[in-house]
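# the following block contains a protein sequence and its predicted model.
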Amino acid sequence: VVSTQSTGDFSNYKMTSQTVKLYADDASEERGENARLSSFMGAISITDLIKTTLGPKGMDKILVSMQNPEETLVTNDGATILKSIHVDNPAAKVLIEISKTQDEEIGDGTTSVCVLAGEILRESEKLISQKIHPQTIISGLKEATLIATHALEKSSIEKTIHKPEDWKNTLTRIALTTLSSKILGHSDKTFFANLAVDAVMRLKGSSNLQAIHIIKKLGGTLHDSFLDEGFILEKKIGVGQPKKLIRPKILLANTAMDTDKIKIFGARVRVSTTSELAAIEEAERNRMIEKCNKILQHGCNCFINRQLIYNLPEQFFSDNGVMAIEHADFEGIERLALVLGAEIVSTFDTVETHKLGTCEVVEEILLGEEKAIKFSGVPLGEACTIVLRGSSQHLLEEAERSLHDALCVLVNTVKCPKIVLGAGCAEMLMAKAVESAANEVMGKKSLVYLAYANALRMIPTIIADNAGFDSAELISQLKTLHNTTPNYGINILSGQPADINKLEIYECLRAKKHVVASSSEAAQMILRSDTILKAAPRKRENDRKLQ
């Protein structure tokens, strides 16, 4: 380290043993092999944690909250597990992020994308130990991913929407494949697959999942779940108000319906007599009555507010024969605005600019043992509500996640009506294509191609292992069969190779492509990093005072 001793013109330099302090006291730095090893260990550890949940025979995880030990979560959904755990390793965080992205973009494949990225890194670690430079590995991974994606697209089957029966059967088979690894697949996956397909078919080609509302009601069994046309809101109608309206005019609002108090923090009003207090209360009452009159001037006979409606306005609406629904949460009011064709308003001075919603019938119904409000014949004809029943809250939450994944995959299939074969067939096919390309590549890149093919084959290997089958024997048989017929995969019921086309185990092409692309990009990002810098933690106020 070079230090300067001033002679006036800084012309003389002298070597000393003094070190320059570059980082804060508690900051840390890892470089080169140590940083790369740390990244590999973090990513592979996350992969090993989650890979047992992959496939139809995957196991569940029990997650216990740190703040509230009584709050537990039972799930095998990859994104849910990864979002719930807190990790310190940067590479592990990258895998968690790609799993979240897969969940938001596609809805399914959250475990597969994380596992595939981890297996690519496991194979890359072996290559680095053979003194192959990371940039060579990254370059080979890019080319191998393109070859795999091309082979996947070439093997895809395009379905037409113009044949309703065939199209519905295809969607049902895709829903069955998606639900087979979920909790709903263990009860009656055919029932829930039909439920999801009916809901998506109602969208008539639209990808707006906001039109499908899912309600969880404790009680009964999962088989008691049903699909209801229209929109169901889990709220109650005010006391003494009409319980049913035909072709109502509905005003949606987000406004305070309590008495207009002085809402300035720390403000106080001092009065000397009770008559002055009564005058203030009367003024507040008159302002609320004036606000209610402005609402009625809109010509509505059904008023839905996101906030609470207090006694005075509720009594006013009852006297005027208006149905008032309070405390419709933000999500509920947004969905209502969508399906009823209305706008959410906050002020009521300009009557002509506000758009009212309508439907055929709004009425109070009994849902399980609780009351709810049903909007039938809404302008957004594709709107529907799925009511899930179950014996426990954990079961209902996992059922909702499973059904949401199935709906997302079906919507993506509608966007891109191309399908590929599941049950590990697509991965074996891509691995075969990459392996064949490796024979035509000279140099170290051929080793990268073979490593990528091995990582792809790990997906069916893990599926077989989780089902308790001999994965080495199965994968060996599949490799031989794929030399002649590229339609073979794992029959998870018999534990033998089978023609997946005959079994009709289909997956969405778009979801599979996203898994391949995201996992490869994540692995390349981690491989490209050679230094990990951790900032010093922010000191608390008490620690600063002690110093």
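Yep, it's here.
# from now on I want contacts and neighbour counts done on CA atoms only, so please keep to that.
Fine.
# give the contact list for residue 423.
Residue 423 sits next to 460, 489-492, 500, 505 when contact means Cα atoms under 8 Å, 6 or more residues apart in numbering.
# likewise for residue 367?
Going by Cα under 8 Å, 6+ apart, the list of residues near residue 367 reads residue 217.
# for the contacts of residue 423, could you give me a markdown table that also reports neighbour count, secondary structure and distance to residue 166?
As requested, these are exported to a markdown table (neighbours: other Cα atoms under 10 Å; DSSP: H, G, I helix; E, B strand; the rest coil; distance: Cα to Cα, whole Å):
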| residue | neighbour count | secondary structure | distance to residue 166 |
| --- | --- | --- | --- |
| 460 | 25 | helix | 28 |
| 489 | 31 | strand | 23 |
| 490 | 24 | strand | 25 |
| 491 | 17 | strand | 23 |
| 492 | 18 | coil | 25 |
| 500 | 21 | helix | 18 |
| 505 | 23 | coil | 15 |
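# from those residues, which is closest to residue 122?
Among the contacts of residue 423, residue 460 lies closest to residue 122 (Cα to Cα), at 16.4 Å.
# that older thread, now tabulate the contacts of residue 423 in TSV and tack on distance to residue 200 and pLDDT.
Listed next are the contacts of residue 423 as TSV, based on distance: Cα to Cα, whole Å; pLDDT from 0 to 100:
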residue	distance to residue 200	pLDDT
460	30	89
489	28	86
490	29	87
491	28	85
492	28	84
500	25	85
505	19	85
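# pick the one among the residues you listed closest to residue 361.
Nearest to residue 361 among the contacts of residue 423, counting by Cα to Cα, is residue 505 at 41.6 Å.
# so who does the closest residue to that closest one other than its chain neighbours touch?
Closest residue in space to residue 505, ignoring its immediate chain neighbours: residue 422 at 5.4 Å, by Cα to Cα, 6 or more residues apart in numbering. Residues near residue 422 by Cα under 8 Å, 6+ apart: 177, 489, 500, 505-507.
# again with residue 40
91, 121-122, 125.
# now it. Its backbone dihedrals?
Dihedral angles of residue 40 (phi, psi; degrees, to the nearest 10) stand at phi -60, psi -40.
# and if you look at residue 387?
Here residue 387 shows phi and psi, under degrees, to the nearest 10, equal to phi -100, psi 120.
# if I look at it, how far off is residue 195?
Distance check for residue 387 against residue 195: by Cα to Cα, to the nearest Å, it reads 10 Å.
# list residues touching both of the two?
Counting by Cα under 8 Å, 6+ apart, the contacts common to residue 387 and residue 195 are 226-227.
# would you map the helices across the stretch 51-200 of the chain?
Using DSSP state H, counting those that start in this stretch, the helices of the stretch 51-200 of the chain run over 78-84, 90-105, 110-129, 134-155, 164-179, 189-202.
# okay, those, which one's buried deepest?
Mean neighbour count (mean count of other Cα atoms under 10 Å) peaks for helix 110-129 among the helices of the stretch 51-200 of the chain, with a mean of 24.
# for that one, packing partners?
Contact partners of helix 110-129 among helices and strands, from 3 or more Cα pairs under 8 Å, 6 or more residues apart in numbering; DSSP states H and E: helix 32-50, helix 78-84, helix 90-105, helix 134-155, helix 445-466, helix 509-527.
# now the angle from that helix to helix 90-105?
150 degrees (axes from the mean of the first three to the mean of the last three Cα atoms, to 10 degrees).
# run the chain-centre distance for helix 110-129.
Remark: helix 110-129 is offset 23 Å from the chain centroid, using Cα atoms, centre = their mean, to the nearest Å.
# average pLDDT across that helix?
For helix 110-129, the mean pLDDT works out to 88.
# could you number the chain from 568 rather than 1 from now on?
Will do, 568 is the new start, and the previous item becomes helix 677-696.
# what's the angle from it to helix 599-617?
Here helix 677-696 runs at an angle of 150 degrees relative to helix 599-617 (the same axes, to 10 degrees).
# now what about helix 677-696, what contacts it?
With contact meaning Cα under 8 Å, 6+ apart, helix 677-696 is reached by 607, 610-611, 613-615, 617-618, 620-621, 644-646, 662-663, 665-667, 669-670, 701, 704, 1014-1015, 1018-1019, 1021-1023, 1025-1026, 1082-1083, 1085-1087, 1089-1090, 1094.
# out of the contacts of residue 989, who's nearest residue 967?
Residue 967 lies nearest to residue 744 out of these, by Cα to Cα, at 16.7 Å.
# now do the closest one against residue 1059, distance only.
In this view, residue 744 and residue 1059 are 12 Å apart by Cα to Cα.
# which among the helices and strands packed on helix 677-696 is found nearest to residue 841?
Nearest to residue 841, of all the helices and strands packed on helix 677-696, is helix 645-651, at 55.9 Å by Cα to Cα.
# pull the residues that contact the closest one.
617, 620, 628, 630, 642, 663, 666-667, 670, 677-678.
# at 6 Å what do you get?
Contact with helix 645-651 is made by 663, 666-667, 677-678, as judged by Cα atoms under 6 Å, 6 or more residues apart in numbering.
# how far does it sit from its chain's centre?
In terms of Cα atoms, centre = their mean, the centre of helix 645-651 is found 10 Å from the chain centre.
# pLDDT on it, on average?
Across helix 645-651, pLDDT averages out at 81.
# return that helix as CSV; C-alpha atoms alone will do.
Only the C-alpha atoms of helix 645-651 are listed here, as CSV (Å, rounded to 0.1, in the frame of the first residue of the first chain):
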residue,chain,number,x,y,z
GLY,A,645,-42.6,-23.4,-4.2
ALA,A,646,-43.3,-19.6,-4.3
THR,A,647,-45.1,-19.7,-0.9
ILE,A,648,-42.3,-21.6,0.8
LEU,A,649,-39.6,-19.4,-0.6
LYS,A,650,-41.4,-16.2,0.2
SER,A,651,-41.9,-17.3,3.8
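# in this protein, where is pLDDT below threshold?
Within the chain, the segments meeting pLDDT under 70 span 568-599, 728, 752-754, 826-834, 897, 1099-1114.
# again, only using 90
Within the chain, the segments meeting pLDDT under 90 span 568-682, 684-685, 688-710, 718-813, 815-1013, 1015, 1024, 1026-1027, 1030-1082, 1084-1114.
# that older thread, kindly reformat the helices of the stretch 618-767 of the chain as CSV containing distance to residue 776.
Shown next, in CSV, are the helices of the stretch 618-767 of the chain (distance: least, Cα to Cα, whole Å):
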stretch, distance to residue 776
helix 645-651, 19
helix 657-672, 12
helix 677-696, 19
helix 701-722, 26
helix 731-746, 16
helix 756-769, 8
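# for residue 908, find the nearest of those helices.
Nearest to residue 908 among those is helix 756-769 (17.6 Å), distances taken as Cα to Cα.
# and the next helix or strand after that closest one, what other elements does it pack with?
For helix 756-769, the following helix or strand on the C-terminal side (DSSP states H and E) is strand 779-785. Packing partners of strand 779-785 (3 or more Cα pairs under 6 Å, 6 or more residues apart in numbering; DSSP states H and E): strand 951-957.
# elements contacting the strand it packs on?
With contacts taken as 3+ Cα pairs under 6 Å, 6+ apart, strand 951-957 sits against strand 779-785, strand 793-796.
# for that strand, C-alpha coordinates in PDB please.
Only the C-alpha atoms of strand 951-957 are listed here, as PDB (Å, rounded to 0.1, in the frame of the first residue of the first chain):
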ATOM      1  CA  CYS A 951     -68.100 -15.500 -11.600                       C
ATOM      2  CA  THR A 952     -67.400 -16.500  -8.100                       C
ATOM      3  CA  ILE A 953     -65.800 -19.800  -6.900                       C
ATOM      4  CA  VAL A 954     -66.800 -20.700  -3.300                       C
ATOM      5  CA  LEU A 955     -64.400 -23.000  -1.600                       C
ATOM      6  CA  ARG A 956     -65.500 -25.100   1.400                       C
ATOM      7  CA  GLY A 957     -63.200 -27.000   3.700                       C
END
